[in-house]
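1. quick check, what structure comes out for this input:
(2 chains)
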Amino acid sequence: MSELSDEALLAGMAVADETAAVTFVRRYQRRVYGLAVSMLGDPQAAEDVAQEAFIRVWRHAQVFDPRRGSAATWVLSITRNLAIDALRLRRSTPMDPARFLSLAAMSLDKLPEEAAETLGTGAHIATALAGLPLEQRRALVLAVAYGMTAEGVSNHESIPLGTAKTRIRLGLQKLRRALDVTVSEP
Amino acid sequence: MSLPSDCESVRDDLVELALGTLGGLERSVALAHVQGCSGCSEEVERLSAAADMVLTLAPAVEPPPGFETRLFEQMGVARPRLWHRANRGVRRVWAAAVATGALGLGLGLGLGLGGSPATVAKPAPIMANLTADHIVKGEVYLAPGHPGWLFMSVHGVHASGIVTCHVRVRGGRSLTVGSFSLSAGSGSWLYQLPVPASQVQAAWVVSGGGKVLASATLV
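-> This is a model prediction of the structure:
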């Protein structure tokens, strides 16, 4: 069971196979909880978010579409959205893009090569992100990992709104090109 | 080449739309455009996929003690007692997945298949390994019935992108069943067979360049 692909486990979960669900949870709990705690900085809130994320995966496994991305990005995007909801309820929580990046073992000023060595299979993503100019990287992480709007990034970084929009836009567009993201045919 | 005026007007908003951070009137305008513009729709999808990849950089952190117990209680899931009996588990999961695949994955994959789960009678799937040069590269599960269902899972092959699944039926005829995408040499797909499952004798997966990546014998 433990060697089954993520897609196979989700197929099992779609038909309410509990063994598949247990395997999936055990495979992803550290990453799901890790993302939640990176974003929220609060272990209890992170546990609540991580648990809700797995419950949603369990209930909605049948809508997972592997053409639109991997199981990992699916479950992590569910976690992100839940964590953003939690962050919006706790507006006082400080958001620091450096925290996300440093917890990901990639400090803001690290060279791409060093990041690649640190992150193993995620190396190409880390390399692409690390290849962005620092200000674009910060703006992008605030938007992606903390769900911050351009206005929020503008306030957080003390920059004009137009500059914030430009940094986010250029950052994500460059990342997309660097990762060579394509869209699957239906 | 300049963009059509509508595309030009929403271009700067596509990034925030993909990130889910665009609000108010700008969001409504951008959404209305994207719904009718395949080019911008695909661009939003690509940007969204790139953003999701950033999330995979989050560190893995051990959850607090009792996390699993509390979670499984909420999910209504019992811990498996026969945890070490992996092969039995594999077969049971796949049997269930194949038997009700139209309900489970058919919706998720957007296959638009005509069959219904009820038509997959008496599921007794046949399993075979996909191999290349005697090395296991995945599995094939075949659910008997008409229509039959074939679930193919591929891993560890040296190919990415679109690949096609083929079957050989009785009499030696070969059919192309469908295509799916491999990412870093891995991928899986569920197919509704165009012939009774009992006629299928072999299945194989072929790269975009026409190379047979792995094959399985099902009889």
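2. chain neighbours aside, what residue packs nearest to A:W58?
-> B:M75 (5.2 Å; Cβ to Cβ, 6 or more residues apart in numbering or on different chains). C-betas here are computed from N, CA, C, even on glycine.
3. how is chain B carved up into domains?
-> B:5-55, B:86-217 (automatic domain parsing).
4. quick check: the gap between A:H60 and B:P63.
-> Distance, A:H60 to B:P63, using Cβ to Cβ, to the nearest Å: 21 Å.
5. ok, the two, which is more surrounded?
-> B:P63 (22 against 15; other Cβ atoms under 10 Å in any protein chain shown).
6. how about the secondary structure of that one?
-> At B:P63 the chain is in coil, as set by DSSP: H, G, I helix; E, B strand; the rest coil.
7. doesn't A:R31 make contact with it?
-> No: counting by Cβ atoms under 8 Å, B:P63 stays clear of A:R31, with 10.4 Å between them.
8. okay, now the unreliable bits of chain A?
-> Along chain A, segments meeting pLDDT under 70 span A:1-3, A:91-123, A:181-186.
9. could you tell me the per-residue confidence at B:E16?
-> Here the pLDDT value assigned to B:E16 is 87.
10. need the contact list for it.
-> Shown in contact with B:E16 (Cβ atoms under 8 Å, 6 or more residues apart in numbering or on different chains): A:143, A:149-150, A:165, A:168-169, B:22, B:26.
11. picking up where we left off before, wouldn't the residue nearest to A:W58 be in contact with A:F54 here?
-> Yes: the pair B:M75 and A:F54 qualifies as a contact (Cβ under 8 Å) at a distance of 7.0 Å.
12. which one's more surrounded, those two?
-> With neighbours defined as other Cβ under 10 Å, B:M75 and A:F54 compare such that A:F54 has more, 26 against 19.
13. who touches that one in this structure?
-> A:F54 is in contact with A:24-25, A:28-29, A:32, A:75, B:71, B:75, counting by Cβ under 8 Å, 6+ apart.
14. what residues does A:S5 make contact with?
-> With Cβ under 8 Å, 6+ apart, A:S5 has these contacts: B:153, B:155, B:186, B:188.
15. same for chain A: which of these are within range?
-> B:153, B:155, B:186, B:188 (Cβ under 8 Å from any Cβ of the partner chain).
16. in strands only, show me those residues.
-> Among the ones next to chain A among the contacts of A:S5, DSSP state E puts B:153, B:188 in strands.
17. which one of the ones next to chain A among the contacts of A:S5 is nearest to A:L129?
-> B:S186 (23.2 Å; Cβ to Cβ).
18. thought that closest one was touching B:H155?
-> Yes: at 4.3 Å, B:S186 counts as touching B:H155 under the criterion of Cβ under 8 Å.
19. residue ranges in chain B under the pLDDT threshold?
-> Low-confidence segments of chain B, defined by pLDDT under 70: B:1-5, B:79-125, B:143-148, B:190-191.
20. which residue ranges form the helices in it?
-> In chain B, the helices defined using DSSP state H lie at B:5-10, B:14-19, B:24-35, B:38-55, B:67-75, B:86-99, B:101-109.
21. dump the residue contacts of the nearest residue in space to B:F180 that is not next to it in sequence.
-> What sits nearest to B:F180 in space, not counting adjacent residues and going by Cβ to Cβ, 6+ apart, is B:W189, at 3.7 Å. B:W189 makes contact with A:66, B:109, B:151-152, B:165, B:178, B:180, according to Cβ under 8 Å, 6+ apart.
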